[in-house]
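# Attaching a predicted model along with its sequence, questions to come.
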Amino acid sequence: MDQEKRLMLAFALSFGCLILWRVFLVKEPPAPPKTVPGVETKAAAIPPQLPPPAKPTAPVALPIQQGGKAEEIVVEGDVYRVSLSTQGGVVKSWVLRRYQDAKDQPLDLVNNAACATLGFPMSFSLADRDLGNKLNSALYVPTSSAGTRKAPVKIEFIYSDGKVQAKKQFSFGAGYEAQVEASVFDGQKYLPLEVAWPGGFGDHSLPPATEDAGSQALYGTLEKVTTVAQRKVEGDRTIAGPLELAGMEDRYFVCVFLPGAPDAAFRFGRREWTPADWSGKDKDKPKPLIGLLGSAQPRPLALRLFVAPKDLDVLRAARPPLDRLVDFGWFSFVAKPLFLGLRYIYDHWIHNYGWAIVILTVLINLAMFPLKLKSIRSAQEMQRIAPQVKAIQDRYKQYKFKDPRKQRMNQEVMKLYQEHGINPLGGCLPMLLQMPFLYGFYRVLDLSIELRHAPWILWIKDLSSPDRFHLFGFPLPILPTVMIITMYLLQKMTPVATADPAQQRMMMIMPLVFGIMFYNFASGLVLYWLTGNIVGIAQQAFINKLMPVPQALPVPRKAAEGKD
């Protein structure tokens, strides 16, 4: 197989491997080792002298504070609308006002259907499960009456049955961040507690498979964030402090706990939830993520809660900056400039991300045109000597691959290349430079919230979703189909270094392979590849006119007839 075809095959396989690696082979770091009770480390062989335990104090008399009925208090800011309930002192909905869900409704990041069974955000989790359930269903007394309040505002919920007092305080400002303080006091001491966000996080109007695919738990520091895909979570995992951040995210939105104390721990897992209209198999029941932040220390819990879009400007404006939550992957050095260029074209040239993708793709292809010319010249030189290379290969075809005489064939081919001043990799390297652009564009179009629900033309209303044109109720992939056709035409126009019919038939399969790969990709990525094909066809037509295909060199009679 000649170099150009090997490259195209390697190009397709490499891109496929990148996608498969991302989906199946990314390994999460192992869970921290569990300590075994009674086993001491060498450093702890001599226990420190501890002060004698304090004598228990008499319980403090707690006034009874209980609400009369369940009410909701709505807090409205410029970018959010949050509903709090006096029953449990929990969050009933968290709407980001500038975004819509897949059904064009206001985007609520709380899965009300799942939370009705699993608990609502900011519910308590205590060692005493019965007490936790009681506090999560109790009627709290708020410091603000039911209705709508404009941010900035501070709202406190208090409940006490005379034995246990629970408090939750929410402080909302102008941005996406809220401050939360929670405590449970039993009259003598504060109880260790966790606050939870159950029921999953993100756009819950998506199909379950799509929603689960983009949902992740996250934790770590500002410099290094570890993510764990929802589908890879089995059982509960606890990440001990110190932690600078923890939480959950989906493809475009994030919920981050910013602990107020360094020893806070993050726990996450999955909880089975059966929707009322569930008709599938038991093994396929939805199991959304739950994230819990707490501390084993008997004291009130303080944290900041950042619920926001994964918009780089918004994340950079957070304190501390959280822009590392948008991970462009291996080729971030290419992906970030591509993203900035795409946004610049959108902001300053044309307010349509579809046309911005087209313009940026044209500019990239024009910039790489000199490399393409070099690749074509190399391919044409290879094409000139292809009959002579074929003659050499025929002379050694009877030998097996491991036969030492097979090495002489390679030596003769390389000598032929040297005689004609041909670099066999000259046509490969320029094309390989396109790989970072492809993967970089893939990451940009996959992660950029700017492309979420961004329309292009006609039936393409969301560049972040696969292209489906519905004709009589049947979905037709128009862009992938046109991409296959243009890729086929481009291959037919491009000179190859061999006329072997078997290899040509194999290469004709490549457009179909790419079409299958791109079938479920975002339409924005398909548009990028399709535009590249169209520009490539125009460039190739110009090259073919400027640089006609050279006549193949004749095969020397001795080389054609000689046998080793």
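Structure received.
# Can you give me every residue that contacts Pro298?
Contact analysis of Pro298 by Cβ atoms under 8 Å, 6 or more residues apart in numbering lists Lys189, Tyr190, Leu191, Pro192. For glycine as for every other residue, the C-beta is placed from the backbone atoms N, C-alpha and C.
# Show me what the lengthiest helix in the chain is packed against.
Longest helix in the chain by number of residues (criterion: DSSP state H): helix 523-546. If contacts are counted by 3 or more Cβ pairs under 8 Å, 6 or more residues apart in numbering; DSSP states H and E, helix 523-546 sits against helix 353-367, helix 369-384, helix 434-447, helix 478-493, helix 501-518.
# so how far does stretch 319-330 reach from one end to the other?
Taking Cα to Cα, to the nearest Å as the measure, stretch 319-330 stretches 26 Å from start to finish.
# Of all the residues in that stretch, which ones are buried?
Residues Leu322, Leu325, Val326, Phe328, Gly329 are the ones in stretch 319-330 that count as buried (16 or more other Cβ atoms under 10 Å).
# what does stretch 225-234 give?
Val225, Thr227, Val228, Ala229, Gln230, Val233.
# and what of stretch 180-190?
So, applying 16+ other Cβ under 10 Å, buried residues of stretch 180-190: Val180, Glu181, Ala182, Ser183, Val184, Phe185, Asp186.
# Then stretch 112-131?
The neighbour-count check on stretch 112-131 (16+ other Cβ under 10 Å) flags Ala114, Cys115, Leu118, Gly119, Phe120, Pro121, Met122, Ser123, Phe124, Ser125, Leu126, Leu131 as buried.
# before we move on, what about stretch 97-105?
Buried, per 16+ other Cβ under 10 Å, within stretch 97-105: Tyr99, Asp101, Ala102.
# ok, back up a step: quick one: the buried residues of stretch 319-330 as CSV, columns for distance to Arg304 too.
Below are those laid out as CSV (distance: Cβ to Cβ, whole Å):
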residue, distance to Arg304
Leu322, 11
Leu325, 15
Val326, 20
Phe328, 26
Gly329, 28
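# which of those residues sit farthest apart?
Farthest pair in the buried residues of stretch 319-330 (Cβ to Cβ) is Leu322 and Gly329. Separation: 17.8 Å.
# if we can go back for a sec, can you tell me which of the helices and strands packed on helix 523-546 comes nearest to Glu156?
Taking Cβ to Cβ, helix 434-447 is the member of the helices and strands packed on helix 523-546 nearest to Glu156, at 37.9 Å.
# now the longest helix of the chain and helix 369-384, what's the angle there?
Put simply, helix 523-546 runs at 60 degrees to helix 369-384, going by axes from the mean of the first three to the mean of the last three Cα atoms, to 10 degrees.
# going forward, begin numbering at 2 instead of 1
Will do, 2 is the new start, and the previous item becomes helix 524-547.
# can you give me the offset of helix 524-547 from its chain's centre?
Its chain's C-alpha centre and that of helix 524-547 lie 28 Å apart, by Cα atoms, centre = their mean, to the nearest Å.
# in it, what's buried?
Buried-residue list, helix 524-547, by 16+ other Cβ under 10 Å: 524-538, 540-541, 544.
# quick check, Met415 in a helix?
Yes: the assignment for Met415 is a helix, going by DSSP: H, G, I helix; E, B strand; the rest coil.
# which residues of the stretch 102-251 of the chain score low on pLDDT?
For the stretch 102-251 of the chain, residues meeting the criterion pLDDT under 70 lie at 212.
# tell me the pLDDT at Val550?
pLDDT for Val550: 62.
# cool, Ser524 as well?
87.
# Could you double-check that it lies in contact with Pro478?
No: the criterion here is Cβ atoms under 8 Å, and Ser524 misses it with Pro478 at 9.2 Å.
# Let's see stretch 95-115 as CSV, backbone CA atoms only.
Extracted C-alpha coordinates of stretch 95-115, given in CSV (Å, rounded to 0.1, in the frame of the first residue of the first chain):
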residue,chain,number,x,y,z
TRP,A,95,-32.6,26.2,40.2
VAL,A,96,-33.3,27.9,36.8
LEU,A,97,-30.6,29.6,34.7
ARG,A,98,-32.6,32.3,33.1
ARG,A,99,-30.5,32.8,30.0
TYR,A,100,-30.8,29.1,28.8
GLN,A,101,-33.5,26.8,27.7
ASP,A,102,-33.6,23.0,27.9
ALA,A,103,-34.1,20.6,25.0
LYS,A,104,-37.8,21.3,24.9
ASP,A,105,-37.3,25.1,24.8
GLN,A,106,-38.4,25.6,28.3
PRO,A,107,-36.5,27.5,31.0
LEU,A,108,-33.6,25.3,32.0
ASP,A,109,-34.1,23.8,35.5
LEU,A,110,-31.0,22.0,36.7
VAL,A,111,-33.0,20.2,39.4
ASN,A,112,-34.6,17.0,38.4
ASN,A,113,-37.9,17.4,40.2
ALA,A,114,-39.2,14.0,39.3
ALA,A,115,-36.1,12.2,40.7
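# Brilliant, that's me finished.
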